[in-house]
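> Sharing a sequence plus its predicted fold:
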Amino acid sequence: FQATNDALVTARTIVDQKASIATLISGGLTLTTQANSFLRANSADLIRFAPGLAGGTITLDPARGALSIASDVQIEGPGAGSLAVRRDPAAATAFRVMEVAAGATASVSGLTFTGGSGGGLYVLGTLTLVDSVVTANAAGSGVYAQPGSTVTLQGCTLSNNRAPLGGGLYANGAVVALSH
């Protein structure tokens, strides 16, 4: 994938088994339009972020909005304390960090989700979140589970999320399982 940001300063690229999905830009990671499309277009994919990204942050492109999961995917991060996915704090528009569409199943581990405006994770389908952190999301819950959705949180931390209803987790008519 080509980086479209002129601030590209290094050639390090995160690669999974099938495609490049993010490029290191100006000391932070920016999820490219192509990467977001890759997540939407491919079903039953495994995306594994390199362990060498410790201390990194993937900043979502405001032009693309939330990381949209529309088909089954497994995403493995190097550890919640090692890699964060966030909404660009300079973005003029509000958007969530990740959305799981109805009919899609996402299994996500080892990441931190932060900075969402309108909430952090919005679930219409099925989400299993393991050993991850959802923090500092505003104007919507850290995890917002819609009626008919299923959310499983295993060993996760939900903290410092602000919302009128359910700051950490809001589940109205959803199936929710929690374990530590």
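Good, I have the coordinates.
> This structure: helices as residue ranges?
Here the chain has its helices, by DSSP state H, at 33-41.
> residue closest to the middle of it?
Centroid-nearest residue in the chain: residue 98, 4.5 Å away (criterion: CA atoms, centre = their mean).
> Now do the same contact list for that one.
Taking CB atoms under 8 Å, 6 or more residues apart in numbering, we find residue 98 in contact with 66-69, 85, 106, 108, 113, 120-122. For glycine as for every other residue, the C-beta is placed from the backbone atoms N, C-alpha and C.
> which non-adjacent residue is nearest it?
Setting aside the residues directly before and after it, residue 98 is nearest to residue 67 in space (CB to CB, 6 or more residues apart in numbering), at 4.4 Å.
> measure that neighbour to residue 179 for me?
When distance is defined by CB to CB, to the nearest Å, residue 67 is 24 Å away from residue 179.
> neighbour-wise, which of the two wins?
Set residue 67 next to residue 179 and count neighbours by other CB atoms under 10 Å: residue 67 wins out with 26 against 9.
> Surely the more buried one and residue 99 touch.
Yes. Taking CB atoms under 8 Å as the definition, residue 67 is a contact partner of residue 99 at 7.3 Å.
> measure the closest residue to residue 180 other than its chain neighbours to residue 56 for me?
Among residues not flanking residue 180 along the chain, residue 155 sits closest, at 5.9 Å (CB to CB, 6+ apart). Counting by CB to CB, the gap from residue 155 to residue 56 is 21 Å.
> which of those two has more neighbours?
Neighbour count, other CB under 10 Å: between residue 155 and residue 56, residue 56 has more, with 22 against 13.
> Read off the pLDDT value for that one.
Per-residue pLDDT puts residue 56 at 82.
> go on, residue 136?
pLDDT, read off for residue 136, is 96.
> OK, contacts around it?
Residue 136 neighbours (CB under 8 Å, 6+ apart): 114-115, 159-161.
> Now, those residues that are in strands?
Judged by DSSP state E, the contacts of residue 136 include 114, 159 as members of strands.
> Max pairwise distance over the contacts of residue 136: which two?
Spatial extent of the contacts of residue 136 (CB to CB) is set by the pair 115 and 159 at 13.4 Å.
> So between those two, which is more surrounded?
Between residue 115 and residue 159, counting by other CB under 10 Å, residue 115 is the more crowded of the two (23 against 12).
> count of neighbours near the residue lying closest to that one once chain neighbours are set aside?
Spatial nearest neighbour of residue 115, excluding adjacent residues (CB to CB, 6+ apart): residue 86 at 3.9 Å. For residue 86, the count of nearby residues is 21 (other CB under 10 Å).
> Alright, I will stop here.
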